[in-house]
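In: requesting a structural model of the entry that follows:
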Amino acid sequence: MDPGRPAWHWLRRAAGVALDAVLPPQCLACAGITQTQGALCAACWARIAWLAPPLCARCGVPFEFDPAPGATGELLCAACLADPPSFVRARAVFRYDEASRGLVLAFKHADRTHSAPAFGHWLARVGAELLADADFVAPVPLHWTRLAWRRYNQSALLAHAVAQASGRACIPDLLRRTRRTPSQGAHGRAARRRNVRRAFAVSQRYRSDMAGRRIVLVDDVFTTGATVEECAQALTDSGAVDVAVLTLARVVRPVAA
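Out: Residues are numbered from 1 along each chain as shown. Here you go, the predicted structure:
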């Protein structure tokens, strides 16, 4: 035993060993046996499309090809060049596709909330640059009626996990939904934007403290960006100078030929 380690460290380690003996660590995706708690097995890890550069500097969408050698300045996608979003940067951990869909939906709808700590570490690693100078993190809120029905806000769980992994503060009620909106499900980009327009506001208790703040907004899936765009707009309208977006997954649409 290392005498330099505090007693609680060894107690926690012993408790972890005992738990693993009774309940062997399982893959977050397929429930197969893994080496550690809160991990993916090798097969599931290999199937996940982890997002990495080259990416759009603004929205984080992956580029199909590497930028030309010697390219300088920020590389932006066509959508961000044509219509810059309210948030300054967005990053996601992996692509939302057949391989990752079950992992996300189980967390979102099937009470697999024990995945949150692992997701938080993944998010903190991918969003390290965004979190470095953030004052706090905050989740995309649910309307209170939907929260009562679902019993938890998956985005709030992710925000808390990111905050714990990164050492940032988390304000779970920074934003509120001013009205209940229909599911974004089958809507396209334009319909999604209309659906959530003015549906978010900074909670009254925090409005006087928004000036000059840098905030990382956390959500589960970035689809068209309509929801996080509207949330970022509400925050910047209240005085925030920098709103970044961090999501677990991102829909990547094929480039039209």
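In: which ones are touching Ala161?
Out: 116-117, 119-121, 123 (CB atoms under 8 Å, 6 or more residues apart in numbering). (Each C-beta comes from the backbone N, C-alpha and C, glycine too.)
In: most neighbours of all the residues you listed, which one?
Out: In terms of neighbours by other CB atoms under 10 Å, those top out with Leu123 at 28 neighbours.
In: which one is that residue nearest to, not counting chain neighbours?
Out: In this structure, Leu123 finds its nearest non-sequential neighbour in Val162, 4.8 Å apart by CB to CB, 6 or more residues apart in numbering.
In: swap in Val196?
Out: Nearest to Val196 is Glu230, by CB to CB, 6+ apart, at 4.7 Å.
In: SS state for that neighbour?
Out: The three-state label given to Glu230 by DSSP: H, G, I helix; E, B strand; the rest coil is helix.
In: make 36 the starting number, not 1.
Out: All set: I'll call the first residue 36, so the last point we hit is now Glu265.
In: does it touch Arg214 like I think?
Out: No - the pair Glu265 / Arg214 is not scored as a contact, 11.8 Å apart, by CB atoms under 8 Å.
In: count the neighbours of the residue nearest to Val231 for me.
Out: Counted with other CB under 10 Å, Glu265 comes out at 22.
In: what of Ser150?
Out: 20.
In: sorry, back to before: quick one: the residue nearest to Val231 from Ala284, how far?
Out: 19 Å (CB to CB, to the nearest Å).
In: least confident secondary structure element in the protein?
Out: One helix or strand of the chain scores below all others by mean pLDDT, DSSP states H and E: helix 42-57, with a mean of 49.
In: what's the first helix or strand after it?
Out: Next helix or strand after helix 42-57 toward the C-terminus (DSSP states H and E): helix 77-82.
In: and the contacts of the very next helix or strand once past that next one?
Out: Counting by DSSP H and E, the next helix or strand C-terminal to helix 77-82 is helix 113-117. Residues from elsewhere that reach helix 113-117 (CB under 8 Å, 6+ apart): 91, 93-94, 96.
In: quick check on the residue nearest to Leu158: phi, psi?
Out: Val197 adopts backbone torsions of phi -60, psi -40, taken as degrees, to the nearest 10.
In: what number of residues lie near it?
Out: Other residues close to Val197 by other CB under 10 Å number 29.
In: so for it, what's the pLDDT?
Out: On pLDDT, Val197 comes in at 98.
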